[in-house]
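Asks: I would like to see how this sequence folds:
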Amino acid sequence: MKRNLPNRSLREMVNRASRLLTISRILLALSALWLPEKTFGVGHWTSVATNVADNLGLIMLLSDGTVLAEGSNSNWWKLTPDSTGHYVNGALTPRQSSNWGHQTGSSAVLTNGNVYVAGGENGNGSSKVEIYNPVTGLWSVAINPTYFGSIQDGNAMVMPDGRVLVEPQGESEEYSGDTFLFNPGNNTFSQTTNAPLMGLGEASWVKLPNDNVLVIDSGGCGGSTNAYMYIPSAEIWTNAVTGGTLPNIWPNMCGTCNSNGCIVSEEGPAFLLPNGNAIFFGGAGLTAVYSNGIWSQSASLPGTLGQKDAPGAMLVNGRVLLAVSPQGDNSSASDANGIGPTSFYEYTYTANNGAGAFTNAPNPASLSGAAAACNLLDLPDGTVLLSVQTGQLYVYQPDGSPLAAGQPTIYSVQWNANGSLHLTGTLFNGISQGAAFGDDAQMDSNWPLVRFTSGSTVLYGYTYNWSSTSVQTGGRIVTTEVTVPPAVLNFPGQWSLQVVANGIASAGVTFYSPVWVNFSYYSAQGYYFGFSNYPYSTLADGVANVRSGGTIAIESSSTVSDEALTITNAMNIISVGGPSTVGN
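Replies: This is a model prediction of the structure:
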């Protein structure tokens, strides 16, 4: 029964509710101050089940969803996700050794899916460039860049045309402070122009949405308030301090010397944030933010913590996971890369009305060394992989949900003549480069992965020939090619196909494995199942058994099948292995 209340009683109830709402807002604000970890949230760590007797350092995501890990000397390992697409219970297996060791060198995944690895400050391949082919599992020697010397702590980044921008650091004196472009098409280097005279040693690079590369110059032992931008379209460097104040985020290490001379100051990782700003984390614990040409300072790490050579990873929820450690004595050469122990923080750029904030995160284990021994990598299941120069890897599961602004969208899936797929859509490159370290290690993953899911089974294809190596591409149409995993290609079935960029997955689109037809196939046992190994021998059988909207794959042969049939359902007919003719 409806009850009418007097106006006075109604006003009192409204006033009381308003007072309660005000009190709850105050309590909520106070709780945010008292319990910052509850406000921002943190993730948790899990040890990878398989470990090896080696010291794993650089970790790189490959375009088939596996991880290439560098061990000691010229050892390499591969971490393969389990059947559900996760990595904690994945298989860690050895790969073919490279010809030289490339520890703390230069690395990048190329647009054809191959891996570029060059130089190495701590390996024996400082003047060597090698290419790893994930399909064959083999290494090949690309070039010996003797004309500019060696590559040590060599930052590397793939440019829009597929070439790799490299800053060697170990270059010969006449090329000091310069940068070069490696062309994987003909294995040659070319010199850029107008590179900063002070050099870019120990610095981190950030790719902006317009493909320009932003860097803060180290300036030697005392740090710097100079920043530069590389413009790929013109192949030149320009000044990048046009407004605001660029803080000196480097620790002052002037007077810190050893047998090799005075120590250059150190920086941490740098990232493009989801809001389009770029942030640099300094060895002195300070941060510098770049926004449309204007520089400012964000929150600082607590106490004496810093990132003198240390990694970070962009989480799918938009925060940044950082490995940090105490700076130590900046006048001691033994503390050039910080001191132990290592701890972890999440940086939230939206906290404190955009001023940013750091929240302490758990440790995976007791890490007594400095954060410089760590590497982080974004994984396609939304987690982050950690290596710590031992045979044990760890996986970080962040809290919260993936950013909707970073979700790829698939527009079309088409078959290529060779049985691969051509995908078009948006945001295939993600909203950042993924994980970062800086000059000692590069693990960009701003390119598309493609996964196929059926029930609990997850399989990855091998993507290549990405049309874009950009970030935050918005509504721009981008494409990729992808090989279909054999278990998907060879056996008819229904799958959900997704594009994944730095751990954020698109909505799934229904994908039907093809029904196979081979006119020359004959089975004495009557095995005609439409599989690649047991195909149908007539097109009529293929048409009768393909789903509406599905695909028939004809294995090309010189055999003719004389059939007359009417096709009424929508379907694709492709020819694999060569051309086939359907009709007169």
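Asks: Just the helices from this protein, written as ranges.
Replies: Remark: helices of the chain, listed N- to C-terminal, are 7-34, 36-40, 351-354, 486-489, 539-545; assignment by DSSP state H.
Asks: If I average pLDDT within each of those helices, which one is lowest?
Replies: Note on these: helix 7-34 shows the lowest mean pLDDT, a mean of 36.
Asks: where along the stretch 301-450 of the chain do the strands fall?
Replies: 305-306, 312-314, 320-326, 343-348, 357-361, 375-378, 384-387, 393-397, 409-415, 421-426, 435-436, 449-454 (DSSP state E, counting those that start in this stretch).
Asks: Packing partners of the last one?
Replies: So that's strand 449-454. strand 457-460, strand 494-501 (3 or more CB pairs under 8 Å, 6 or more residues apart in numbering; DSSP states H and E). All C-beta spots, glycine's among them, are computed from the backbone N, C-alpha and C.
Asks: Please identify the most buried of those strands.
Replies: Of all these, strand 494-501 has the most neighbours on average by mean count of other CB atoms under 10 Å, namely a mean of 22.
Asks: how much does that strand deviate in direction from strand 409-415?
Replies: With axes from the mean of the first three to the mean of the last three CA atoms, to 10 degrees defining the directions, strand 494-501 sits at 120 degrees from strand 409-415.
Asks: The residue nearest the centre of the chain and V117: what is the separation?
Replies: Computing the C-alpha centroid of the chain and ranking residues by CA atoms, centre = their mean puts S445 first, at 2.4 Å. Here S445 is placed at a distance of 16 Å from V117 (CB to CB, to the nearest Å).
Asks: now D439
Replies: Counting by CB to CB, the gap from D439 to V117 is 15 Å.
Asks: hang on, the earlier thing: now do the contacts for the residue nearest to the centre of the chain.
Replies: For S445, the contacting residues are 61, 109, 377-378, 430, 433-435, 502, taking CB atoms under 8 Å, 6 or more residues apart in numbering as the criterion.
Asks: likewise R319?
Replies: 40, 346-349, 398, 400.
Asks: Then F529?
Replies: Going by CB under 8 Å, 6+ apart, F529 touches P535.
Asks: Lowest mean pLDDT among the helices and strands, pick that one out for this protein.
Replies: Of all helical and strand segments in the chain, the minimum by mean pLDDT, DSSP states H and E falls on helix 7-34, at a mean of 36.
Asks: Please report the distance of the nearest residue to Q472 once chain neighbours are set aside from S432.
Replies: Nearest residue to Q472, sequence neighbours excluded (CB to CB, 6 or more residues apart in numbering): P209, at 4.2 Å. If you measure P209 against S432 using CB to CB, the figure is 10 Å.
Asks: So those two - more neighbours on which side?
Replies: Here P209 and S432 are set side by side on neighbour count (other CB atoms under 10 Å), and the busier one is S432, at 27 against 14.
Asks: Hmm, L273 and the more buried one touching each other?
Replies: Yes - under the criterion of CB atoms under 8 Å, S432 makes contact with L273 at 7.5 Å.
Asks: the strands in the stretch 451-584 of the chain, which residues?
Replies: Taking DSSP E, counting those that start in this stretch as the test, the strands found in the stretch 451-584 of the chain are 457-460, 462-464, 478-483, 494-501, 504-505, 509-512, 515-517, 551-555, 572-576.
Asks: which one of those is the most hemmed in?
Replies: Using mean count of other CB under 10 Å, the stretch among the strands of the stretch 451-584 of the chain with the greatest mean number of neighbours is strand 515-517 (a mean of 25).
Asks: so what secondary structure elements neighbour that strand?
Replies: Under the contact definition 3+ CB pairs under 8 Å, 6+ apart, strand 515-517 sits against helix 539-545, strand 551-555.
Asks: what residues does it touch?
Replies: Residues external to strand 515-517 that are found in contact with it (CB under 8 Å, 6+ apart): 490, 492, 530-532, 535-539, 541-542, 545-546, 550-555.
Asks: Kindly report the same for stretch 531-551.
Replies: Taking CB under 8 Å, 6+ apart as the rule, stretch 531-551 contacts 415, 489-492, 494, 512-523, 527-530, 552-555, 561, 563, 565, 567, 569-574, 582.
Asks: Could you pull up the contacting residues of the residue nearest to I263 when sequence neighbours are not counted?
Replies: For I263, ignoring the flanking residues on the chain, the nearest one in space by CB to CB, 6+ apart is T256 at 4.3 Å. By CB under 8 Å, 6+ apart, the residues touching T256 are 221, 262-263, 330-333, 336.
Asks: Can you give me the distance of T256 to N330?
Replies: When CB to CB is applied, the distance between T256 and N330 equals 7 Å.
Asks: Might you list the low-confidence residue ranges for the chain?
Replies: Judged against pLDDT under 70, the low-scoring parts of the chain cover residues 1-40, 144-148, 170-176, 197-199, 558, 584.
Asks: if we compare the strands of the stretch 451-584 of the chain, which one ends up closest to T188?
Replies: When the strands of the stretch 451-584 of the chain are ranked by proximity to T188, the top entry is strand 462-464, at 21.5 Å, counting by CB to CB.
Asks: The closest residue to T93 other than its chain neighbours: how many residues sit nearby?
Replies: For T93, the nearest residue in space outside its immediate sequence neighbours is K78; the separation is 5.4 Å by CB to CB, 6+ apart. The number of residues packed around K78, counting by other CB under 10 Å, is 18.
Asks: Let me see the contact set for K78.
Replies: Applying CB under 8 Å, 6+ apart, the residues near K78 are 66-69, 92-95.
Asks: Ok, T188 next?
Replies: T188 makes contact with 143, 182 under the criterion CB under 8 Å, 6+ apart.
Asks: Okay, and the beta partners of it?
Replies: The partner list for T188 in beta bridges (DSSP bridges) reads N183.
Asks: domains for the protein, by residue range?
Replies: Domain assignment of the chain by automatic domain parsing yields the ranges 51-405, 406-500, 514-584.
Asks: Tell me how far V158 lies from N490.
Replies: Distance, V158 to N490, using CB to CB: 33 Å.
Asks: re the thing from before, can I get the helices and strands packed on strand 449-454 in CSV with distance to S325?
Replies: As requested, the helices and strands packed on strand 449-454 are arranged in CSV below (distance: least, CB to CB, whole Å):
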stretch, distance to S325
strand 457-460, 34
strand 494-501, 30
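Asks: Which among those strands is found nearest to G185?
Replies: Proximity to G185, assessed across the helices and strands packed on strand 449-454 by CB to CB, is greatest for strand 494-501 (25.1 Å).
Asks: then that closest one to CSV, C-alphas only?
Replies: Once side chains and other backbone atoms are set aside, the C-alpha atoms of strand 494-501 remain, and they are given as CSV (Å, rounded to 0.1, in the frame of the first residue of the first chain):
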residue,chain,number,x,y,z
GLN,A,494,35.0,-23.6,-34.4
TRP,A,495,37.3,-21.2,-32.7
SER,A,496,37.2,-17.7,-31.2
LEU,A,497,39.9,-15.5,-32.9
GLN,A,498,41.3,-12.5,-31.0
VAL,A,499,44.0,-9.9,-31.6
VAL,A,500,46.1,-9.1,-28.5
ALA,A,501,48.3,-6.0,-28.1
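Asks: Much appreciated, bye for now.
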